[in-house]
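J.: need coordinates for the following:
(one chain, ligands or ions: 2)
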Amino acid sequence: MEPTQAEIASAAAALRAGEVVAFPTETVYGLGASARDAAAVRRVFELKRRPMSHPLIVHLADARQLPQWAEPLSAAAQRLAARFWPGPLTLVLPRAAGVSDLVTGGQSTVAVRVPVHPVAQRLLAEFGDGIAAPSANRYGHVSPTRAQHVRDEFGASLRWLLDGGDCDVGLESTIVDCSGAVPRLLRPGSITLAQLRTVVPQIEAGAAQDSPRVPGSDAAHYAPGTALALVADDAIEGTVARSAAAGRRCAVLARRPPRGAVSVAAWIDAGADAVHYGHDLYANLRELDRAGAARILVQAPPDGDAWDAVRDRLRRAADPAAQSELNDALSPGVLT
Ligand code: TXA
Ligand code: MG
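T.: Ligands and ions are numbered 1, 2, ... in the order given. Have a look, this model is predicted:
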């Protein structure tokens, strides 16, 4: 299943030649280009149809390459890197001189990550330099956690794809901004705020007024084609029934089986474990998207640190119109 060394070497040569290479990481698949090659980086934006102002993460084989990309690490950044690299953590750092504005979105910071996935590691080591890579999906879509997802997104327009099987984590990396006086969690991921705080207790949750922009945290992101809405646990069956009576079948992502008979296009019981749920989330959303339903209903995730990343992605995946229609139907008369 794993790519051979010859395939890795060809992919690295393709990167050197300015081509775009999709590759697996432990979080999601990335769409990579040499971070020093402006034309190649531009091609990544074009393929993704992503606005040019959205910065990319620079992936490195080893933290020892950092000085070429970022200013020397603060004490907090050093502790985070020592504890969580290689792994699913991205640090936003003051950028080094010469890092392309295309990579940083014209900001004074650069996002850097050292992934642990063996195929990513082999590619980065063979390439020997930074690979700028966003998630390998069209802008706003659900991120890919399998090679087939990447093929589904880009088809023949993408020549290079390394297949590393299923991504271990399944959700994008935790992003911590270490460019200001106080480190801040900008995007929750599988490394939770509590885990980060065991290393750097003063990390704040969420962006400040003057934090670097994280455009991937815009609303309407990570979204399937079928409009998605979040629904409280005890309202699922009723919502499904009302919708079916109106001739619109729902596809459901829940953490339990249905209570009684339901008329649905699909029902996935993704279980009650946050890690497992997160691992399967994007594959499940893609499957429900193919069910031909009028709506995807998702059982609202529970509170608690372990579900932060899942809650964040599902909130952004929700379709605002579908969500407010559902909220109105569930609480008639409240919004008069
Ligand atoms: O797990 C991941 O992080 C995956 C894998 C491929 O590494 N990559 C990923 O990339 O999710 P992308 O581009 O889909 O999301 C990166 C996020 C975006 O929201 C972007 O705005 C933010 O990181 N970002 C990148 N550079 C930044 C910077 N200098 N300051 C603030 N945010 C930044
Ligand atoms: Mg993305």
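J.: contact residues of the chain facing ligand 1?
T.: Contacts of the chain with ligand 1, taken as C-beta under 6 Å from any ligand atom, map to 25, 27-28, 30, 54-57, 90, 92, 104, 107, 109-111, 113, 133-135, 172-173, 175, 212-217. Quick note: C-beta positions are derived from backbone N, CA and C, even for glycine.
J.: just the strands in the chain please.
T.: Using DSSP state E, the strands of the chain run over 21-23, 30-34, 57-59, 89-94, 109-113, 131-133, 160-161, 174-177, 184-187, 204-205, 228-231, 250-254, 264-269, 295-299.
J.: can I get those strands in a markdown table with mean neighbour count and mean pLDDT?
T.: Formatted as a markdown table, the strands of the chain follow (neighbours: other C-beta atoms under 10 Å; pLDDT from 0 to 100):
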| stretch | mean neighbour count | mean pLDDT |
| --- | --- | --- |
| strand 21-23 | 27 | 98 |
| strand 30-34 | 29 | 98 |
| strand 57-59 | 27 | 98 |
| strand 89-94 | 25 | 98 |
| strand 109-113 | 27 | 98 |
| strand 131-133 | 27 | 98 |
| strand 160-161 | 19 | 98 |
| strand 174-177 | 26 | 98 |
| strand 184-187 | 22 | 96 |
| strand 204-205 | 14 | 94 |
| strand 228-231 | 22 | 97 |
| strand 250-254 | 24 | 98 |
| strand 264-269 | 19 | 98 |
| strand 295-299 | 25 | 98 |
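J.: for those strands, which one sits closest to residue 306?
T.: Closest of those to residue 306 is strand 174-177, at 12.9 Å (criterion: C-beta to C-beta).
J.: which residues does residue 153 contact?
T.: For residue 153, the contact set (C-beta atoms under 8 Å, 6 or more residues apart in numbering) comprises 136, 137, 138, 141, 144.
J.: check what pLDDT it gets.
T.: The score at residue 153 is 96. That number is its pLDDT.
J.: ditto for residue 214
T.: 65.
J.: could we number from 10 for the rest of this?
T.: With the count now opening at 10, the last piece we talked about shows up as residue 223.
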